[in-house]
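K.L.:
give me coordinates for this.
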Amino acid sequence: MSEQTSANNYDNDNIIAKIIRGEIPCHKVYEDDKTLAFMDIMPQATGHVLVVPKAAAVELSDLALEDATAVISTAKKVMQAQREVFNRQGIVQMQLNHAEAGQSIFHYHMHLIPTSIHELGKHANQNADHSELAQLATQLAAAIDA
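P.N.:
As a prediction, this is how the structure comes out:
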């Protein structure tokens with residue numbers, strides 16, 4: 001995948017854009033009019049969730065403040081649910097801007113990973129079991145709705 005440099009060069013066919021449009025399924029945790037949160041299929045730890053804006057943006061600096069605020073609001077809901085479901089306080093929050101920083105999908109996305117930075121697994125190393133992801137997504141969604 002070639003590196004994108006700004007919203008002007010946004011690739012509407014990236015995998016996250018396809019997920020947002022419903023062209024590729026996901027294990028949804030939360031959705032509102034501006035954001036979507038779903039399970040990472042190659043998690044770095046159990047419960048790894050991605051929070052994405054529905055707006056086209058490669059990186060944080062491409063996002064309108066309103067969309068960035070919406071991502072943070074959704075992240076707070078997901079983190080609260082992760083703490084409840086996994087009974088832990090430690091959640092790694094990570095976001096990478098461009099290939100030099102390790103970004104591999106060029107749609108802005110925030111990783112929320114309930115683990116210690118010292119136990120963080122390698123990303124994109126192995127696909128998770130989809131039935132487990134579905135169960136985790138259901139548990140997290142229920143905790144958000146509670």
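K.L.:
hmm, Ile24 is touching Ala17, no?
P.N.:
No: if you go by Cβ atoms under 8 Å, Ile24 and Ala17 don't touch, sitting 9.4 Å apart. Just so you know, the C-beta spots here come from the backbone N, C-alpha and C atoms, and that holds for glycine as well.
K.L.:
neighbour count for these two, which is higher?
P.N.:
Taking other Cβ atoms under 10 Å, Ile24 and Ala17 do not tie; Ala17 has more neighbours (19 against 11).
K.L.:
helices of this structure, start to end?
P.N.:
Remark: helices assigned in the chain by DSSP state H are 15-20, 65-86, 130-145.
K.L.:
low-confidence stretches in the chain?
P.N.:
Low-confidence segments of the chain (pLDDT under 70): 1-8, 124.
K.L.:
any chance of the helices of the chain in CSV, plus distance to Thr46?
P.N.:
Compiled in CSV, the helices of the chain are given as follows (distance: least, Cβ to Cβ, whole Å):
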stretch, distance to Thr46
helix 15-20, 21
helix 65-86, 7
helix 130-145, 7
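K.L.:
nearest approach to Ser104 belongs to which of the ones you listed?
P.N.:
Closest to Ser104 of the helices of the chain is helix 15-20 (Cβ to Cβ; 9.8 Å).
K.L.:
and for the closest one, what are the contacting residues?
P.N.:
Contacts of helix 15-20 with the rest of the structure, by Cβ atoms under 8 Å, 6 or more residues apart in numbering, involve 11, 24-26, 36, 38, 50, 52, 54, 56, 105, 107, 109.
K.L.:
give me the buried subset of those.
P.N.:
Asp11, Cys26, Leu36, Phe38, Leu50, Val52, Lys54, Ala56, Ile105, His107, His109 (16 or more other Cβ atoms under 10 Å).
K.L.:
and the first one, how far is that from Met39?
P.N.:
Applying Cβ to Cβ, to the nearest Å, one obtains 23 Å for the distance of Asp11 from Met39.
K.L.:
rewinding a little: closest one of the contacts of helix 15-20 to Ala137?
P.N.:
Distances from Ala137 to the contacts of helix 15-20, taken as Cβ to Cβ, are shortest for Phe38 (7.1 Å).
K.L.:
surely the closest one meets Leu140?
P.N.:
No: using Cβ under 8 Å, Phe38 is not in contact with Leu140, being 9.9 Å away.
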